[in-house]
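A.B. asks: Return atomic coordinates for the entry below.
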Amino acid sequence: MKLKDQIALITGGSRGIGRATALMFAQEGADIAFCHLNDDAKAEETAAEIRALGRRAMHASVDVSDIAAGKAFADRVAAEFGPIDILFNNAGMNIRKPFEAYTEDEFDRIMAVHVKGMFFMAQAVYPAMVARGRGCIINVASQRGLKGAVNAAPYSAAKAAIIGFTRSLSWEAAPKGVRVNAVAPGPVVTDLTATMTDQDRQAFIDALPAGRFGRPEEIAATALLLAGPEGGFFVGATLSPNGGDVMH
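C.D. replies: This is a model prediction of the structure:
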């Protein structure tokens, strides 16, 4: 098992990429703590699947943009499960509309969840990782942070900021034994892409060299590579499984 007896904290873990990653990490031997936002029924389903794999699971509703709440959850995980080995910073949301139509509140919310929440959740687990001389932080960005998108200006800006944050923190963290990397998925079958119109979805698929959207499990496999023993030489990297939407 690649993650035997490690403790993983996953934000946005009840559905989609977060859920797939939680299950894959559990299959590889990790105990899983995850947060979600008012999604208790789906969260308990995910937790039950983790426990069925023989691993411990716990979850809580946490708004990651609330710094105190995020830190309290991280502290609870460390107290009940043990020191956190892996942080999968995945929580996200989006509001699609033309650039000129965004309100200040909408902009602030997108930035708070993606950038502020990710930054301070990493800060909540980082000192203990440094003290132990090891740890892994994986931040979920997006191919839209690499190329942009129509009707997604704040989201694309936030995801680009995550990539910059990942690179910057890596310079500080790697010499202390903590690896920080990012995953920038392309279009994946999740609740976020489910809000697209059929016409927009088909146009997107037609433009992809892969000819399809990705599966959450394919993104989880990328996270497992970064978290596991084969990922030891990835530092400050942004891996982008995106079906050819961005080639770099």
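
A.B. asks: show me where this structure has strands.
C.D. replies: 7-11, 31-36, 57-61, 86-89, 135-140, 178-183, 238-239 (DSSP state E).

A.B. asks: Quick one, which of these gets closest to residue 169.
C.D. replies: Using C-beta to C-beta as the measure, strand 178-183 is the one of these that comes nearest residue 169, at 4.8 Å. Quick note: C-beta positions are derived from backbone N, CA and C, even for glycine.

A.B. asks: Quick one: low-confidence residue ranges for this structure.
C.D. replies: The model of the chain has pLDDT under 70 over residues 192.

A.B. asks: report the longest helix in it, please.
C.D. replies: helix 153-173 (DSSP state H).

A.B. asks: which residues touch that helix?
C.D. replies: 94-95, 99, 102, 106-107, 110-111, 114-115, 118-119, 122, 126, 129-130, 137, 139-142, 144-146, 148-149, 179-182, 184, 235-236, 238 (C-beta atoms under 8 Å, 6 or more residues apart in numbering).

A.B. asks: one step back: can you put the strands of the chain in a markdown table and add mean neighbour count and distance to residue 21?
C.D. replies: Formatted as a markdown table, the strands of the chain follow (neighbours: other C-beta atoms under 10 Å; distance: least, C-beta to C-beta, whole Å):
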| stretch | mean neighbour count | distance to residue 21 |
| --- | --- | --- |
| strand 7-11 | 26 | 6 |
| strand 31-36 | 27 | 9 |
| strand 57-61 | 18 | 13 |
| strand 86-89 | 28 | 6 |
| strand 135-140 | 25 | 9 |
| strand 178-183 | 26 | 9 |
| strand 238-239 | 20 | 13 |
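
A.B. asks: could you dump those strands to a markdown table with distance to residue 159?
C.D. replies: As requested, the strands of the chain are exported to a markdown table (distance: least, C-beta to C-beta, whole Å):
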| stretch | distance to residue 159 |
| --- | --- |
| strand 7-11 | 15 |
| strand 31-36 | 20 |
| strand 57-61 | 24 |
| strand 86-89 | 12 |
| strand 135-140 | 9 |
| strand 178-183 | 9 |
| strand 238-239 | 10 |
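
A.B. asks: Minimum distance to residue 201: which of these has it?
C.D. replies: With C-beta to C-beta as the criterion, residue 201 lies closest to strand 135-140 of the strands of the chain, at 21.0 Å.

A.B. asks: Figure out how far that closest one is from the centre of its chain.
C.D. replies: On the basis of C-alpha atoms, centre = their mean, to the nearest Å, strand 135-140 sits 8 Å off its chain's mean C-alpha point.

A.B. asks: With stretch 44-64 instead?
C.D. replies: Distance, centroid of stretch 44-64 to centroid of chain: 16 Å (C-alpha atoms, centre = their mean).

A.B. asks: Name the residues of it that are buried.
C.D. replies: Under the neighbour-count criterion of 16 or more other C-beta atoms under 10 Å, stretch 44-64 has 46-47, 49-50, 55-59, 62, 64 buried.

A.B. asks: Then stretch 8-25?
C.D. replies: By neighbour count on 16+ other C-beta under 10 Å, the buried set for stretch 8-25 is 8-25.

A.B. asks: same question, stretch 208-217
C.D. replies: Buried residues in stretch 208-217 (16+ other C-beta under 10 Å): 208, 213-214, 216.
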